[in-house]
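[1] I would like to see how this sequence folds:
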Amino acid sequence: MTDKTPYIRPDMKGFLDMMAAAAATAPKMADMTLAEARQSYIVMHGIADRPARELAVIRDLTCTGPAGDIPLRLYDARESREAGPVVMFFHGGGFVIGDLDTHHALCTEIAALIDLPVVAVHYALAPEAPFPAAILDCEAASRWVAGSPAELGRQAIGIITIGDSAGGNAAVVVSQLLGANPAAVPVVLQVPIFPLVEDANGSASMAAFSDGFLLTAETMAFFDAAYGADRSDPRGFPILSDHSNAPPTIVATASLDPIRDSGRAYAKALVDAGRDVVFLEMRGVTHSFTNLRQMVPSTQNDLERIIAAMQFMLANPA
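    Below you'll find the predicted structure:
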């Protein structure tokens, strides 16, 4: 099977057909106002993702960031727990759209499945706050969680960074920043999910899946222009960094994703650097599969595979 005739799961095809029909009368994201684009992202996730789980703890918090307060949300399946790792979740949306609510259902699912505290971060969005504002917020929030057990109500002995898409980029960059200037506790695992870690322009996956597979090249260009990441700065494209001290990593990609090859390249870079890495490519699904679990039911199993890999890596440290 080649990218010219890609395998598409039946439930994924049904969703893509529905989206194609809707696109015939709806404006493209690049043609929307920022407010419209952000609202459409909320609406899509509300339709496509499973309902949020009920948890013992779902609590909004704030911490101080470099440009003001950063909204956070704590998720935990337990009212209280012993000291242990804390998961830092960074949402996707090209650093332009997305917030705590767009990924609320996903965060409840992760917290329930992994049985660890999850702290979601709503970083400053571009273009109002362009690169590297989002990364600085994510770093500040991670350091706050590592060093604020009283305010959090949980003692972190390790940080796990995880995120989807732009959030996958942040998961890698934050772990690099914390490793270079250590926080109160170490990064014990990083989990970039369909991440953009290198420039995807010119890649085979961008050519094969630039249109008709949910995330489009046009939308990527819209995000890129708004965020304005420096292409020579590892905080924008973390594949440019030295990977010799990267923490244990799980890289998850989607076979029908225009930025699929970015995740593949990062997994290879870690292998070449001799680091521990689990690479999972979800066949027959698109970008954002973690937020499509209602409309594309098979993707629930994909998320569970990622969580199982996390549990394996945490139980078998290097």
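[2] Now do the phi/psi pair for the nearest residue to Gly158 once chain neighbours are set aside.
    Ranked by C-beta to C-beta, 6 or more residues apart in numbering and with sequence neighbours excluded, the top spatial neighbour of Gly158 is Val188, at 3.6 Å. For glycine as for every other residue, the C-beta is placed from the backbone atoms N, C-alpha and C. Geometry field for Val188 lists phi and psi as phi -100, psi -10, criterion degrees, to the nearest 10.
[3] so Val188 makes contact with Ile159?
    Yes. The pair Val188 / Ile159 is scored as a contact, 6.8 Å apart, by C-beta atoms under 8 Å.
[4] quick one: common contacting residues for those two?
    In the contact map built from C-beta atoms under 8 Å, 6 or more residues apart in numbering, the residues linked to both Val188 and Ile159 are Pro85.
[5] higher neighbour count, the two?
    A count of neighbours by other C-beta atoms under 10 Å puts Ile159 above the other of Val188 and Ile159, at 26 against 21.
[6] With Leu270 as the reference, measure out to Gly212.
    The span separating Gly212 from Leu270 equals 31 Å under the rule C-beta to C-beta, to the nearest Å.
[7] ah, wrong one, I meant Glu79
    Taking C-beta to C-beta as the measure, Glu79 falls 37 Å from Leu270.
[8] And for Gly158?
    Applying C-beta to C-beta to Gly158 and Leu270 gives a distance of 19 Å.
[9] Identify the residues contacting stretch 196-204?
    Taking C-beta under 8 Å, 6+ apart as the rule, stretch 196-204 contacts 3, 165-166, 168-169, 172, 206, 220, 231, 237-240, 258-259, 261-263, 265-266.
[10] The longest helix seen in the chain - what's its average pLDDT?
    With residue count as the measure and DSSP state H as the assignment, the chain has helix 299-315 as its longest helix. Regarding helix 299-315, the rounded mean pLDDT is 98.
[11] Please enumerate the strands of the stretch 201-318 of the chain.
    249-254, 277-282 (DSSP state E, counting those that start in this stretch).
[12] Between strand 277-282 and the first one, find me the angle.
    With axes from the mean of the first three to the mean of the last three C-alpha atoms, to 10 degrees applied, the angle from strand 249-254 to strand 277-282 works out at 20 degrees.
[13] Run the chain-centre distance for strand 249-254.
    What separates the centre of strand 249-254 from the centre of its chain is 10 Å, taken as C-alpha atoms, centre = their mean, to the nearest Å.
[14] same for it, what does it pack against?
    Contact analysis of strand 249-254 by 3 or more C-beta pairs under 8 Å, 6 or more residues apart in numbering; DSSP states H and E lists strand 187-193, helix 260-272, strand 277-282, helix 299-315 as its packing neighbours.
[15] quick one: strands adjacent to the shortest one?
    In this case it means strand 277-282. According to DSSP bridges, the neighbouring strands of strand 277-282, each with its direction, are strand 249-254 (parallel).
[16] who's in contact with the strand it pairs with?
    Outside strand 249-254, the residues within contact range by C-beta under 8 Å, 6+ apart are 189-195, 260, 263-264, 266-267, 270, 275-282, 285-287, 289, 302, 306, 309-310, 313.
[17] and what of stretch 209-218?
    For stretch 209-218, contacts defined as C-beta under 8 Å, 6+ apart pick out 3, 6, 16, 19-20, 28-30, 165, 206, 256-260, 286-288.
[18] rerun at 6 Å
    Stretch 209-218 has contacts (C-beta atoms under 6 Å, 6 or more residues apart in numbering) with 30, 256, 258, 286-288.
[19] likewise stretch 91-104?
    Contacts to stretch 91-104, defined as C-beta under 6 Å, 6+ apart, come from residues 37-38, 41-42, 45, 52, 73, 120, 122, 125-126, 134, 164-167, 223, 226-227.
[20] and if we set it to 7 Å?
    Residues outside stretch 91-104 that contact it (C-beta atoms under 7 Å, 6 or more residues apart in numbering): 37-38, 41-42, 45, 52, 71, 73, 120, 122, 125-126, 134, 163-167, 223, 226-227.
[21] Can you list which of these are found in strands?
    Using DSSP state E to define strands, the subset of the contacts of stretch 91-104 located there is 71, 73, 120, 163-164.
[22] what's the closest of these to Gln294?
    The closest of the ones in strands among the contacts of stretch 91-104 to Gln294 turns out to be Asp164 (C-beta to C-beta; 16.2 Å).
[23] Could you verify my assumption that that closest one touches Thr290?
    Yes. In this structure, Asp164 is within contact of Thr290 by C-beta atoms under 7 Å, at 5.6 Å.
[24] Thank you, goodbye.
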